[in-house]
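> Give me the fold of what follows.
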Amino acid sequence: MTRRMATAISPSTTQQVANLPWTTLLEVTAPVTDASNKTTYTVDLSPFLSGGPSVYVRYQDAYSNTGWGPSVSQVTVTADGNAIASFQPGTPAETFPL
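Residues are numbered from 1 along each chain as shown. A predicted model of the protein is given here:
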């Protein structure tokens, strides 16, 4: 698989990207502050691979006025049933060659 995904999800780092269109894949409908949404979410990025060699994923706080912010504890990228990247945010494994 030659397709790549880049993701940045450290809760202490914010990247602003102007004038780029984003597609919302997962969205909360109310603020959650009790970790009741802590689960595994699966998203198929295949439709986004035809535009080039990379897919960029952004995690954003839907309710920035609550002060909780987005949180991700593990990211695993699979292709053809095989894990091609797996890391926890903020660890050295998050930086993989693109």
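
> could you check the distance from residue 48 over to residue 23?
Counting by Cβ to Cβ, to the nearest Å, the separation of residue 48 from residue 23 is 7 Å. No exception for glycine: its C-beta is placed from N, CA and C like everyone else's.

> likewise residue 44?
12 Å.

> do the same with residue 73
As defined by Cβ to Cβ, residue 73 lies at a distance of 23 Å from residue 23.

> contacting residues around the residue nearest to residue 32 when sequence neighbours are not counted?
With sequence-adjacent residues excluded and distances taken as Cβ to Cβ, 6 or more residues apart in numbering, residue 32 is closest to residue 68, at 7.9 Å. Contact criterion Cβ atoms under 8 Å, 6 or more residues apart in numbering gives 31, 32, 33, 61 as the residues in contact with residue 68.

> now these: which count as buried?
Applying 16 or more other Cβ atoms under 10 Å to the contacts of residue 68, the neighbour count classes residue 61 as buried.

> and the closest residue to residue 87 other than its chain neighbours, which of the three is it?
Using Cβ to Cβ, 6+ apart and skipping the chain neighbours, the partner closest in space to residue 87 is residue 93 (3.8 Å). Counting by DSSP: H, G, I helix; E, B strand; the rest coil, the backbone at residue 93 sits in helix.

> Show me the beta-bridge partners of the residue nearest the centre of the chain.
The centre of the chain sits closest to residue 57, judged by Cα atoms, centre = their mean, with a distance of 4.5 Å. Using DSSP bridges, the beta-bridge partners of residue 57 come out as residue 7.

> For it, give its distance to residue 48.
If you measure residue 57 against residue 48 using Cβ to Cβ, the figure is 9 Å.

> what do you get for residue 64?
Remark: distance between residue 64 and residue 48 (Cβ to Cβ) = 25 Å.

> again, but for residue 27
Going from residue 27 to residue 48 by Cβ to Cβ gives 17 Å.

> Could you check which of these two is surrounded by more residues?
Set side by side, residue 27 and residue 48 show more neighbours around residue 48, with 17 against 7, by other Cβ atoms under 10 Å.

> Let me know the secondary structure of the more buried one.
Secondary structure assignment for residue 48 (three-state DSSP): helix.
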